[in-house]
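K.L.:
Quick one, what's the 3D model for this:
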Amino acid sequence: MARIELSNIGGGGTTLSLTTTGTSGASTLAGSVLNIPIYQGQLTLTTTGTSGAATLVGDTLNIPQYSGGGTPAGSAGQIQFNSTPAGSFAASANLAWDNSAVQLNIGAPSSPTGTLNVKGSGTLTTVNTRLTDSGNTELVKVLDNGSTNIGANFNWDNVNSRLGLGTSTPNQTLEVSGAMRLTGTAGTAAFMLGRNSAGDVSTVTLGTTGTSGAATLSANVLNIPQYQGALTLTTSGTSGAATLVGNTLNIPQYSGGGGTPAGSTGEIQYNNAGAFGASSNLAWDNSNVRLNVGAPSSPTGRLNVKGSGTLTTVNTRLTNSGDTELFKVLDNGNTNIGTGFNWDNANNRLGINSAAGTSGRVIITSNGQRNLVINSTGNEATGSVLFTGGDNAFFSAEESFYVCIDADNNQTNRVFGIKSNTYGSVGGRNLFSVDESGNTTVGEVSTAGEYRMSIALRVTGLGSAGGKNTLLIQNSGSNELMKIEDNGKITYRATNTAAGTTGAQTIDRPSGTVNFLNGTSALVVTNSLCTTSSIVFATVRTNDATAYIKNVVPAAGSFTINLGANATAETSVGFFIIN
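P.N.:
The predicted structure is shown next:
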């Protein structure tokens, strides 16, 4: 069978099989088989179109310029791939072949040097390169941070410069899970390898300085003197250093102690991976009989503990044999004794059978018993705080103070009260009480036909008429608002306007004085205590011939004093506000 190769303008070629079946009709192209009948006469060849079947119309044979070659996409070296729309060429700088350097470059590396060069995405934990076998089992994996795994047993941690053999998480520069063999060690000195409790391996160098004396181990150097002649081994003693006298090497039979203690004088010894360890944080002062923990700066007690500096860290904790906590002190001074005593040192608060809380200095939860009792006689209900009297008590037999819930000596539903201890057969007079609804009572009237108290409020002075205060009321700034003295004098907080100052004034107090100017009959006093509902009293304080109070008109924040006639001279007027 004859074959023909057709090329398009771009130089791409497609090989067709040529057949010549028939002597008339159109030429046909089926797959890669071009059939041209054996026409009689001369044919004209055209190449219109890029797809479809070749046609023969009359003596004109048209064969389209089939694609399949064409012009490559992208820049020089960029590898071609089928892109969107399907059937078109595309290229990218991220996939290129450098034919002269024989390099395949992925990710557009800036300075490629190897036959295969891969530039990662920039995410450190992203896989850069991964090689698998035909079953997709991972053989090699390289991350963008340089960490590399070869199979399952070779793991290089590039971030921490650690190599793990048989482990994927090495914790040292080299960590081997399994047996290890070293051969071909270099150097002139003999050495051994040692391992601590964590598995870390370090070199122990062997020295042979001297010809006698005890072997020593210092800074990972084990020195064994070069003893001369045959040695006789003895094992006298149970402590002290090994000795070499002549050719007799004596190594005591150590019984767990012995050896040279670590640290400084007073520091308590402990087992440190088979060797003696010591610390200034645990020391015994034998001369002063003191145990010091945490290196306190000025120890004074038998036991001195210095905390870590973290306020909520436990400083000292005592438990019984069952590990039940008996006593605990935190670094901030907070102290718990069992579960019932809780001292909040930061806020100076005490909780008994309760957390220290935030609502008071002392919080006591009863658990069905009296919260607090100071008592020499008497028997009050549970759930109370009682101060009760007695012959030699702090209070007299006629006084007591109580705080209780529910019934207490016939004082039903009293929450707070002050009452006498006994009175008649009923059980005491109620001097002051507040019930659960907030109702407050001062004194009592008769109950069950027995007269108790009819005085609603009594304040008794100190018995002196020389200015002693029977009742003094002050505001939060310790300013006197009202004062009643033993001699009966009553004083209210007031502002009195000085003589010579006349007209309108601002006085924010319940009482005071103002001065009318000669020839005026009205004066406004600005006063924040005054409202439209206030009652304001006023009186003329000087002997004016015509002036008298006509009325006082209150308003919000002020009041106006009106005289019945103009003042004939400077006239002083006093006022008093009641709300």
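
K.L.:
how about residue 559, phi and psi?
P.N.:
phi -150, psi 160 (degrees, to the nearest 10).

K.L.:
what number of residues lie near it?
P.N.:
Look at residue 559: counted by other Cβ atoms under 10 Å, it has 23 neighbours. C-betas here are computed from N, CA, C, even on glycine.

K.L.:
swap in residue 301?
P.N.:
Other residues near residue 301 number 11, with proximity taken as other Cβ under 10 Å.

K.L.:
which residues touch it?
P.N.:
residue 290 (Cβ atoms under 8 Å, 6 or more residues apart in numbering).

K.L.:
now swap in the one 5 residues further on and tell me
P.N.:
Under the criterion of Cβ under 8 Å, 6+ apart, the neighbours of residue 306 are 292, 293, 294, 295, 296, 297.

K.L.:
repeat that with 7 Å
P.N.:
293, 294, 295, 296 (Cβ atoms under 7 Å, 6 or more residues apart in numbering).

K.L.:
now residue 503
P.N.:
Counting by Cβ under 7 Å, 6+ apart, residue 503 makes contact with 517, 523.

K.L.:
Any figure for the gap between residue 144 and residue 155?
P.N.:
Distance check for residue 144 against residue 155: by Cβ to Cβ, to the nearest Å, it reads 16 Å.

K.L.:
Now restrict the contacts of residue 306 to buried residues only.
P.N.:
Listed as buried from the contacts of residue 306 are 293, 294, 296; burial here means 16 or more other Cβ atoms under 10 Å.

K.L.:
Can you tell me, leaving aside adjacent residues, what's nearest to the first one?
P.N.:
In space, and not counting its chain neighbours, residue 293 is closest to residue 305: 4.6 Å by Cβ to Cβ, 6 or more residues apart in numbering.

K.L.:
and that neighbour, what is it in contact with?
P.N.:
293, 294, 315, 316.

K.L.:
Which of residue 144 and residue 155 has more residues huddled nearby?
P.N.:
It is residue 155, of residue 144 and residue 155, that has more neighbours when counted by other Cβ under 10 Å, with 21 against 18.

K.L.:
Restricting the selection to alpha carbons, write the helix or strand that contains the more buried one to PDB.
P.N.:
Assigned by DSSP states H and E, residue 155 belongs to strand 154-157. Coordinates of each C-alpha in strand 154-157 appear next as PDB, following Å, rounded to 0.1, in the frame of the first residue of the first chain:
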ATOM      1  CA  PHE A 154      15.500   7.600  57.900                       C
ATOM      2  CA  ASN A 155      14.100  10.900  59.100                       C
ATOM      3  CA  TRP A 156      16.000  14.200  58.800                       C
ATOM      4  CA  ASP A 157      14.600  17.100  60.900                       C
END
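
K.L.:
I'd like the average pLDDT over it.
P.N.:
The average pLDDT for strand 154-157 rounds to 87.

K.L.:
Tell me where this structure is predicted with low confidence.
P.N.:
For the chain, the stretches flagged by pLDDT under 70 are 1-14, 39-41, 66-70, 124, 182-202, 219, 227-230, 254-259, 311, 353-470.

K.L.:
JSON lines for the contacts of residue 306, including distance to residue 88?
P.N.:
Below are the contacts of residue 306 laid out as JSON lines (distance: Cβ to Cβ, whole Å):
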{"residue": "293", "distance to residue 88": "81"}
{"residue": "294", "distance to residue 88": "78"}
{"residue": "295", "distance to residue 88": "79"}
{"residue": "296", "distance to residue 88": "83"}
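
K.L.:
So residue 112, which state does it fall into?
P.N.:
Classification of residue 112 by DSSP: H, G, I helix; E, B strand; the rest coil places it in coil.

K.L.:
burial measure for it, as a count.
P.N.:
Neighbours around residue 112, by other Cβ under 10 Å: 18.

K.L.:
Could you double-check that it lies in contact with residue 105?
P.N.:
Yes - with contact defined as Cβ atoms under 7 Å, residue 112 reaches residue 105; the gap is 5.0 Å.

K.L.:
Look up how far residue 576 lies from the residue nearest to residue 293.
P.N.:
According to Cβ to Cβ, residue 305 and residue 576 sit 67 Å apart.

K.L.:
tell me which element residue 495 falls in.
P.N.:
Following DSSP H and E, one finds residue 495 within strand 494-496.

K.L.:
Now tell me what touches that strand from outside.
P.N.:
By Cβ under 7 Å, 6+ apart, the residues outside strand 494-496 that reach it are 507, 509, 511, 512, 513.
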